[in-house]
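**Student:** what follows is a predicted protein model with its sequence.
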Amino acid sequence: MPDKDIFILGIESSCDETAASVVKNGRTVLSNEISSQIDIHTLYGGVVPEIASRKHTERINQVIRKALTDAGKTLTDMDAIAVTYGPGLVGPLLIGVSAAKAMSFATGIPLIGVHHIEGHVSANYIAAPELEPPFVCLIVSGGHTHLVLVEGYGKYRILGMTQDDAAGEAFDKVARAVGLGYPGGPKIDKAARDGNPTAIRFPRGKVGDSVYDFSFSGLKSAVLNYLNEKEMKHEIVNVPDLAASFQQSVVDVLVTHAVQAASEYHFKKLALAGGVASNSSLRAQMKEACEKRGIEFFCPPPILCTDNAAMIACAGYYEYLAGSFAGLDLNAVPGLRLGER
Ligand code: KG4
Ligand code: ZN
């Protein structure tokens, strides 16, 4: 442990949120500035990469300045600048990486490249300062669905991942199909509160003999077929029932896989991460399943589940402790895999 406080400036721009944050000693958030582009992308029903890049360019300097001001710090107070360099959209990633490299070059402050998914996992360290590895983590976002054993800081063993759509992607596509709009996750979550989760029996995705992999494209097709059939018969769709039934099908699979992993590998702690971890039904059912099996359950508040830079600064802190710094040749890696450097 360092004998002085360590301040990390985190920067996140991998998709449609321009974010910057100052975190002290990896766990105390001094500022968490997020500029969302959702309103613009809603017009197109999803994220338009070129528009996202342009908006990041317009906003990044103000967002960074605000994060430093809110924290009562200046750039030269920072011990390192941690930036998401993958996975994500290449244009948006490049804006954050370029800004971080320019600041590092101008000031000599060390640069750290952070894996976006590691950032999501690390949101749990902020929400639960007592949490230490090992634990099982289910990362469910718009682009990823990973079930991993977090064996140490920055040390992951991937048990399973999605073979097609990510969980959040399934939420977004189903929401669009029923006319709820973008982003679909929160809208399905809200509509489902008035619906019956057993009204329609949708399939639970399974991938051959693989215990821990996920598949959501069959479920998405089942929902689309259901909607087509209703349309052909000129029948009205009960949107809350459909939302609740679809959501239950996703939640069932996520909960079953995650608690089975904790039991099989004798892990006593289980954490959720990623945008879909803000789903109220997933949080409630995972908590209940963990309690039944004596597993301690962790889940960040929704603001730390969706994309933010505090989680990037937190992950960056552990890279800082490991002495894992990046050079000015750091580049965006859109397809960066978990565990890869
Ligand atoms: O982690 P995130 O902000 O971005 C990625 O790294 O992908 O996750 C965004 C995803 C979107 O697909 C969004 O629909 C989903 O998280 N999401 C939700 C909820 N809030 C956000 N999905 C289900 N229920 C929610 N309440
Ligand atoms: Zn994310």
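**Tutor:** Nice, I can see it. Ligands and ions are numbered 1, 2, ... in the order given.

**Student:** quick check: phi and psi on the spatially most central residue of the chain?
**Tutor:** Nearest to the mean C-alpha position of the chain, by C-alpha atoms, centre = their mean, lies Gly274 at 2.5 Å. With angles defined as degrees, to the nearest 10, Gly274 sits at phi 90, psi 160.

**Student:** repeat for the one 5 residues further on
**Tutor:** Recorded main-chain torsions at Asn279 are phi -70, psi 130, according to degrees, to the nearest 10.

**Student:** for ligand 2, what are the nearby residues on the stretch 51-200 of the chain?
**Tutor:** Residues of the stretch 51-200 of the chain lying close to ligand 2 (C-beta under 5 Å from the ion) are Ser141. (C-beta placed from N, C-alpha, C; glycine too.)

**Student:** what about the closest residue to the residue nearest to the centre of the chain other than its chain neighbours, distance to Glu130?
**Tutor:** Nearest non-adjacent residue to Gly274, counting by C-beta to C-beta, 6 or more residues apart in numbering: Ser141, 3.4 Å away. Ser141 is 25 Å from Glu130, where distance means C-beta to C-beta, to the nearest Å.

**Student:** domains in the protein, by residue range?
**Tutor:** Annotated domains of the chain cover 7-122+305-321, 133-300 [automatic domain parsing].

**Student:** tell me which of these sits nearest to Asn331.
**Tutor:** Closest approach to Asn331 among these (C-beta to C-beta): domain 7-122+305-321, 6.9 Å.

**Student:** elements contacting the helix or strand bottoming out on mean pLDDT in the chain?
**Tutor:** Of all the helices and strands that make up the chain, helix 38-42 has the lowest average by mean pLDDT, DSSP states H and E, namely a mean of 86. Secondary-structure packing of helix 38-42 (3 or more C-beta pairs under 8 Å, 6 or more residues apart in numbering; DSSP states H and E): helix 49-71.

**Student:** contacting residues for the residue of the stretch 51-200 of the chain found nearest ligand 1?
**Tutor:** Using C-beta to the nearest ligand atom, the single residue of the stretch 51-200 of the chain nearest to ligand 1 is Gly185, 2.1 Å away. Going by C-beta atoms under 8 Å, 6 or more residues apart in numbering, Gly185 touches 142, 168, 171-172, 175, 275-276, 278-279.
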